[in-house]
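Participant: would you be able to build a 3D model of this:
(chains A and B)
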Protein chains: 2
Amino acid sequence: VAVATELVGGYAGRVRATDPVELLAAARSGDRSALARLLTLVDQQGVAANQIDRLVATPSVGPAPSNRSVIGVTGAPGAGKSTLVDCLITEYRSVGLSVAVLAIDPSSPFSGGAILGDRVRMGDHSIDEGVFIRSFASRGSLGGLTVSIPSALRVLKAAGFDRLIVETVGVGQVELDVVGVADSVVVVVNPGWGDEVQAAKAGLMEIADLFVVNKADRPGAAETEADLLGMQHLSLGAPSGWRPGVILTSALNHQGITQLAEALDAHQVFLIESSAGGERRRLHIEREITQRVAAELAKRAGAFSDHERWQSVLTAVVNGDLAPTEAVDELLGP
Amino acid sequence: VAVATELVGGYAGRVRATDPVELLAAARSGDRSALARLLTLVDQQGVAANQIDRLVATPSVGPAPSNRSVIGVTGAPGAGKSTLVDCLITEYRSVGLSVAVLAIDPSSPFSGGAILGDRVRMGDHSIDEGVFIRSFASRGSLGGLTVSIPSALRVLKAAGFDRLIVETVGVGQVELDVVGVADSVVVVVNPGWGDEVQAAKAGLMEIADLFVVNKADRPGAAETEADLLGMQHLSLGAPSGWRPGVILTSALNHQGITQLAEALDAHQVFLIESSAGGERRRLHIEREITQRVAAELAKRAGAFSDHERWQSVLTAVVNGDLAPTEAVDELLGP
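Facilitator: Prediction:
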């Protein structure tokens, strides 16, 4: 099975517990069901997840070669992200590169359609052994998703994929955090987008390494391109010499895709040849550990509810004797 | 100004620091700009937010009278939530009840349109002193939004509004958490929704106190109604005697709105007359304090980055000598 679009949370119960070392060896030799199982375990964030992460983060498996890049794709709903990712897969496969896609779907209870949609959409690649697609559903735990993704990417790198694409279905802050784990962040907009939201554009300029104006066959593409180019100085990369370019595409017609792949390669070369790549890597790891520490502390906070003191503080708030903010000071100290 | 749809985060810098006691007194006497400023301070989660929360949570201002109910409205994009809320406002105003709406928008960088849309949409109510509307933008801090909202609701109750509506623009897990602060949760779907996603429907059944099949003039409304009624046993409220009803509406034509308001009143009566209301209130406060504790711990975790030990652990991970999961154990102890 080359394509696994299981909803991780929903199918978790079906997965057999197996030795992480064996699973990883199998995944590296091309066993896609072993790979899918590894990702499920990583997403469950249990003891096995920690074992797997130690395996893929230590030198025996090795940090991933620098030519295995992670591409983040985000943008408003309907901008054509899925079609664009589909085109990128085809482009990379045509030059012999293998591709893994993590599709992040944050909208759990209404998301059935989106995930079923993935299956349909990826149909063209379903018999291609060089393509692996996985949907991750956010389950809303504090920092939960953002902790799983970097680990899942390390597993996919260890399994040997050349290009890793993290695609967010939605556009919330959580997805922006997720896409922030990428080496290269692509923000997809459409012609005419953002005519009235200068502040929003500034925010996107901060995270984008590359803009794609998709559906560029529609009116207003050139104006949107000029507008984005005019804001390049706001880029976070600008101090280190990178200004986010703008690529015009029409994914439905497979136009502009080669240019997009070339621009992504150019950004990768920039990261390797300048100090920016190392800085970004350190920043990513710093953010991941901060989130892991926060998630662990939050989990420990939940454990408070067993204690007698917690119950008495809770009762005081229910009775209106204590404000919720005072309850926090009471429990943790100022 | 009766309507304030300021984007809290974006406009925060403009707000004058003023004494919370004075602001609250002004807000209670009908000063809407004082009320808007209070909500901005609450959303900033600083020292003033804690002062305000102590004021509105303590007996001098008093816990809100039980007839001031909080209604949460969620559903898929395009289901017609905004129009429905608009109709509910009109309905409540027609019987002399004042209404405050918190519109939660989690999709920060692309959200300009949604928030501008609010302004346009609420135009009909903009000269009505009995209506107050405020958009809250999620800024992605761990637990940040979910901590602000309960406090904001207490401020609005203290200011004397009879009905408080929390409306989520998106449908992610964060919004479901947010809508979970409500006394009555309304889930809005459309005819034909969910034909293929049984698991998703079960999840919604858990949080819904009431379903609205909006756009019920379209084909399939009766089938969707029957389908939802057939799943009532999955309701979390079922053990205490409440089964979520299904209301058919056509918000665009103002049809079914009176029935919806009556069903909401019936749910409120159920909460007051059964033990369910008290249990829910305790659950809400327990969740709020857990989230506040977690957010506070996460904030303290961020402070780690100043320490020498943090930097050496970080470097070990960057060099591949330590896995991220091991870094957490190293920093926090097992």
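
Participant: who's in contact with A:Val85?
Facilitator: A:73, A:101, A:165, A:167 (Cβ atoms under 8 Å, 6 or more residues apart in numbering or on different chains). C-beta coordinates here come from the backbone N, C-alpha and C atoms, glycine included.

Participant: pLDDT of stretch A:73-90, averaged?
Facilitator: Stretch A:73-90 shows a mean pLDDT of 87.

Participant: over to stretch A:134-151?
Facilitator: 65.

Participant: list the buried residues for the longest helix along chain A?
Facilitator: In chain A, taking DSSP state H as the definition, the longest helix is helix A:276-302. Going by neighbour count (16 or more other Cβ atoms under 10 Å in any protein chain shown), the buried part of helix A:276-302 is A:276-277, A:280, A:284-286, A:288-299, A:301.

Participant: keep the residues you listed, but drop any that are not near chain B.
Facilitator: A:285-286, A:288-290, A:292-294, A:296-298, A:301 (Cβ under 8 Å from any Cβ of the partner chain).

Participant: closest one to B:Ile133 out of the residues you listed, please.
Facilitator: A:Ala298 (32.0 Å; Cβ to Cβ).

Participant: the residue nearest to that closest one when sequence neighbours are not counted and B:Arg300, how far apart?
Facilitator: Of all residues not flanking A:Ala298 in the chain, B:Ala294 sits nearest, at 3.7 Å (Cβ to Cβ, 6 or more residues apart in numbering or on different chains). Noted for B:Ala294: a distance of 11 Å to B:Arg300, by Cβ to Cβ, to the nearest Å.

Participant: now the common contact residues for these two.
Facilitator: A:Leu297.

Participant: centre of the chain to the helix or strand where A:Leu41 lies, how far?
Facilitator: Under the criterion of DSSP states H and E, A:Leu41 resides in helix A:32-44. On the basis of Cα atoms, centre = their mean, to the nearest Å, helix A:32-44 sits 16 Å off its chain's mean C-alpha point.

Participant: I'd say A:Lys215 and A:Gly80 touch.
Facilitator: Yes - the criterion here is Cβ atoms under 8 Å, and A:Lys215 meets it with A:Gly80 at 6.0 Å.

Participant: joint contacts of those two?
Facilitator: If you check A:Lys215 and A:Gly80 against Cβ under 8 Å, 6+ apart, the residues they both contact are A:190, A:251-252.

Participant: and which of these is nearest chain B?
Facilitator: Nearest to chain B among the shared contacts of A:Lys215 and A:Gly80, counting by Cβ to the nearest Cβ, is A:Asn190 at 11.3 Å.

Participant: please name the nearest non-neighbouring residue to the closest one.
Facilitator: Nearest one to A:Asn190, counting by Cβ to Cβ, 6+ apart, is A:Lys215 at 4.9 Å.

Participant: list the residues that contact the one you found.
Facilitator: A:79-80, A:190-191, A:221, A:250-252.

Participant: list only buried entries from these.
Facilitator: A:79-80, A:190-191, A:221, A:250-251.

Participant: of all these, which comes closest to B:Asp329?
Facilitator: Using Cβ to Cβ, these come closest to B:Asp329 at A:Ala79, 40.9 Å.

Participant: also near chain B: which of the contacts of A:Val85, exactly?
Facilitator: Applying Cβ under 8 Å from any Cβ to these, none is adjacent to chain B.

Participant: about what we covered before: list the buried residues of the helix holding A:Leu41.
Facilitator: Quick answer for helix A:32-44 (16+ other Cβ under 10 Å): A:32, A:34-43.

Participant: model confidence over it, on average?
Facilitator: 89.

Participant: again, but for stretch A:300-314
Facilitator: Rounded mean pLDDT across stretch A:300-314 is 78.

Participant: and which of the contacts of A:Lys215 is nearest to A:Ile127?
Facilitator: The closest of the contacts of A:Lys215, once distances to A:Ile127 are taken by Cβ to Cβ, is A:Ala251, at 21.7 Å.

Participant: how about that closest one, phi and psi?
Facilitator: phi -60, psi -40 (degrees, to the nearest 10).

Participant: all the helices of the stretch 201-334 of chain A, residue numbers only.
Facilitator: A:221-229, A:257-273, A:276-302, A:308-318, A:324-332 (DSSP state H, counting those that start in this stretch).

Participant: mean pLDDT per helix and strand in chain A: which one sits at the bottom?
Facilitator: Within chain A, no helix or strand scores below helix A:8-11, which has a mean of 34 by mean pLDDT, DSSP states H and E.

Participant: report how many residues lie close to A:Thr315.
Facilitator: 13 (other Cβ atoms under 10 Å in any protein chain shown).

Participant: and A:Glu273, by the same measure?
Facilitator: Counted with other Cβ under 10 Å, A:Glu273 comes out at 9.

Participant: ok, A:Val73 next?
Facilitator: Neighbours around A:Val73, by other Cβ under 10 Å: 25.

Participant: what about it, which SS state?
Facilitator: strand (DSSP: H, G, I helix; E, B strand; the rest coil).

Participant: that'll do, ta.
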